[in-house]
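# Build the 3D model from these lines:
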Amino acid sequence: MGSRLNPYITFNGNARQALEFYQQALGGDLTMNTYGEYGDSSAPEANNIMHGQLETPAGFTLMGADNPPGTPYNPGKGFAVSLSGEDSGELQDYWKKLSEGATIDVPLEKQMWGDEFGQLTDRFGISWMVNIVQPKS
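Down below sits the predicted model:
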């Protein structure tokens, strides 16, 4: 496998719940390792996720972890996870699943540039953009 670029999201103690939610929404295989597996298994944060990785059938990779012990948590602002393509049914299904408990920032609807686009902030505070490319006539 060659190089890749993918989002890596830091969470504040709820990475397991978030990554499992994204697996339900996007499908795929999820692997997770805890801090306790590689350190002090009796530490209060031993069950927190040190590294999680979701590989989806569509070829998406999403990585995430809980904030490392002893470091300040700075929730991710100024970035979004973007899902885009031409498969309207698939992308609308991701939108519907990710919308559970989310704040809809921009409803998924036709935009001035011709595509369907929406943006939401999920229940874990992560911003998602969905753009469904419309066929050129």
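
# now T61: how far from L54?
7 Å (CB to CB, to the nearest Å). Just so you know, the C-beta spots here come from the backbone N, C-alpha and C atoms, and that holds for glycine as well.

# neighbour count winner among those two?
L54 (22 against 14; other CB atoms under 10 Å).

# how far away is the more buried one from G64?
The gap separating L54 from G64 is 8 Å, by CB to CB.

# Pop the domain breakdown of this structure in here.
In the assignment given by automatic domain parsing, the structural domains of the chain cover 8-66, 81-132.

# Adding mean pLDDT, write those out as TSV.
Below are those laid out as TSV (pLDDT from 0 to 100):
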stretch	mean pLDDT
domain 8-66	94
domain 81-132	95
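
# between these, which gets nearest to N74?
domain 8-66 (7.8 Å; CB to CB).

# mind listing the strands in this protein by residue range?
Listed in chain order, the strands of the chain (DSSP state E) span 8-11, 29-34, 49-55, 61-66, 81-85, 103-110, 116-121, 127-132.

# can you list the ones you listed in CSV and add distance to S42?
Listed next are the strands of the chain as CSV, based on distance: least, CB to CB, whole Å:
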stretch, distance to S42
strand 8-11, 22
strand 29-34, 12
strand 49-55, 16
strand 61-66, 17
strand 81-85, 34
strand 103-110, 38
strand 116-121, 36
strand 127-132, 36
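
# which stretch among these comes nearest G2?
Of the strands of the chain, nearest to G2 by CB to CB is strand 61-66, at 12.6 Å.

# Buried residues in that closest one, which are they?
By 16 or more other CB atoms under 10 Å, the buried positions in strand 61-66 come out as 62, 64-66.
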